[in-house]
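A.B. asks: pasting the structure only:
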Ligand code: ZN
């Protein structure tokens with residue numbers, strides 16, 4: 001059984017009620033939030049986290065739970081992370097509302113072996129930045145068409161995926177994507193505007209495996225595209241820990257100066 005926790009901020013889906021002090025925002029911005037909440041609900045009637053949960057729950061050996069920003073400790077208590085093999089992260093407008101303490105806790109668990117999958121606009125999320133050490137910044141434009149090319153067909157995440165597949169509607173993400181050099185570049189996406197993007201990248205940090213995957217703009221239907229669904233499932237299997245470390249204290253560093261230099 002692979003224990004998966006899907007974390008999503010669950011903010012845009014809820015409209016204005018999820019925005020602190022929304023009464024202070026200009027009327028047109030308030031209207032924009034309400035309009036976008038309606039558009040997202042049409043694609044993800046129970047929130048993006050539940051779309052992802054339903055997708056992953058199709059695998060009989062995945063046990064999936066969801067956590068969101070409004071839960072105490074963002075739902076990511078020590079107990080939950082201890083009981084999570086792979087954490088899937090979707091976020092967009094509320095990265096700054098995740099406390100540093102929680103993001104650093106996620107990083108610690110990844111270093112100790114927990115798998116981490118960052119989806120779409122999670123590219124500059126705090127856990128992604130803390131785990132990888134770069135900003136995750138990129139170029140973007142709403143409303144484009146993408147073709148996702150597999151550049152590593154031998155990788156477990158590419159299992160069953162054709163040489164390329166099309167996403168009729170996606171947000172364009174373009175280079176330069178500020179990430180460390182990936183261990184494996186599994187997918188590159190081409191956009192109709194001419195841009196290319198390293199859309200499927202893997203890394204390891206400590207004992208943990210990390211995958212970033214670009215598709216999943218909130219108002220578009222990428223998470224219903226069979227190839228995208230398969231890739232996310234494959235990624236969870238790949239990121240499932242080989243080893244979990246209870247802690248990462250280095251015995252060498254615990255020797256006191258007196259002990260070290262005593263003769
Ligand atoms: Zn987006």
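C.D. replies: Thanks, I have the structure now. Only a predicted model underlies this, so the values are computations on that prediction, with no experimental measurement involved.
A.B. asks: if I look at the residue of the stretch 1-150 of the chain found nearest the ion, how far off is residue 58?
C.D. replies: Per C-beta to the ion, residue 121 is where the stretch 1-150 of the chain lies closest to the ion, at 4.7 Å. Heads up, the C-betas are built off the backbone N, CA and C, glycines and all. From residue 121 across to residue 58, the span is 24 Å (C-beta to C-beta, to the nearest Å).
A.B. asks: out of those two, which sits in the more crowded spot?
C.D. replies: Taking other C-beta atoms under 10 Å, residue 121 and residue 58 do not tie; residue 121 has more neighbours (22 against 10).
A.B. asks: what residues are up against the closest residue to that one other than its chain neighbours?
C.D. replies: Of all residues beyond its chain neighbours, the one nearest residue 121 is residue 92 (4.0 Å), with distances taken as C-beta to C-beta, 6 or more residues apart in numbering. Shown in contact with residue 92 (C-beta atoms under 8 Å, 6 or more residues apart in numbering): 9, 11, 12, 120, 121, 218.
A.B. asks: out of the residues you listed, who has the most neighbours?
C.D. replies: residue 9 (27 neighbours).
A.B. asks: how much space separates it from residue 18?
C.D. replies: Taking C-beta to C-beta, one finds residue 9 at 9 Å from residue 18.
A.B. asks: hmm, back to that, name the SS class of the residue of the stretch 1-150 of the chain closest to the ion, please.
C.D. replies: Secondary structure, DSSP: H, G, I helix; E, B strand; the rest coil: residue 121 is helix.
A.B. asks: wait, doesn't it sit right on residue 128?
C.D. replies: No. The criterion here is C-beta atoms under 8 Å, and residue 121 misses it with residue 128 at 10.4 Å.
A.B. asks: where does the stretch 151-263 of the chain get nearest to the ion, which residue?
C.D. replies: Nearest residue of the stretch 151-263 of the chain to the ion: residue 217, at 3.6 Å (C-beta to the ion).
A.B. asks: which SS state does that residue fall under?
C.D. replies: Classification of residue 217 using three-state DSSP returns coil.
A.B. asks: what's the burial count for residue 13?
C.D. replies: Neighbour count of residue 13, defined by other C-beta under 10 Å: 24.
A.B. asks: ok so, going back, format the contacts of residue 92 as a markdown table; extra columns: pLDDT.
C.D. replies: Below are these laid out as a markdown table (pLDDT from 0 to 100):
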| residue | pLDDT |
| --- | --- |
| 9 | 97 |
| 11 | 94 |
| 12 | 93 |
| 120 | 98 |
| 121 | 98 |
| 218 | 96 |
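A.B. asks: how about the residues you listed, which pair is most distant?
C.D. replies: Maximum pairwise distance among the contacts of residue 92 (C-beta to C-beta): 14.3 Å, between 11 and 120.
A.B. asks: how far does the lowest-mean-pLDDT helix or strand in the chain sit from its chain's centre?
C.D. replies: Counting by mean pLDDT, DSSP states H and E, the weakest-scoring helix or strand in the chain turns out to be helix 257-261, with a mean of 75. Relative to the centre of its chain, helix 257-261 is centred 44 Å away, using C-alpha atoms, centre = their mean, to the nearest Å.
A.B. asks: kindly report the same for stretch 136-155.
C.D. replies: Mean-position distance between stretch 136-155 and its chain equals 15 Å (C-alpha atoms, centre = their mean).
A.B. asks: also stretch 152-164?
C.D. replies: With C-alpha atoms, centre = their mean as the basis, stretch 152-164 stands 20 Å off its chain's centre.
A.B. asks: what residues does that stretch touch?
C.D. replies: By C-beta under 8 Å, 6+ apart, the surrounding residues in contact with stretch 152-164 are 147-150, 184-187, 200, 202, 211, 227, 230-231, 234-235, 237-238.
A.B. asks: also stretch 19-34?
C.D. replies: By C-beta under 8 Å, 6+ apart, the residues outside stretch 19-34 that reach it are 11, 12, 15, 16.
A.B. asks: name the nearest residue to the last one, ignoring sequence neighbours.
C.D. replies: By the measure of C-beta to C-beta, 6+ apart, the closest residue to residue 16 outside its immediate chain neighbours is residue 22, 4.5 Å from it.
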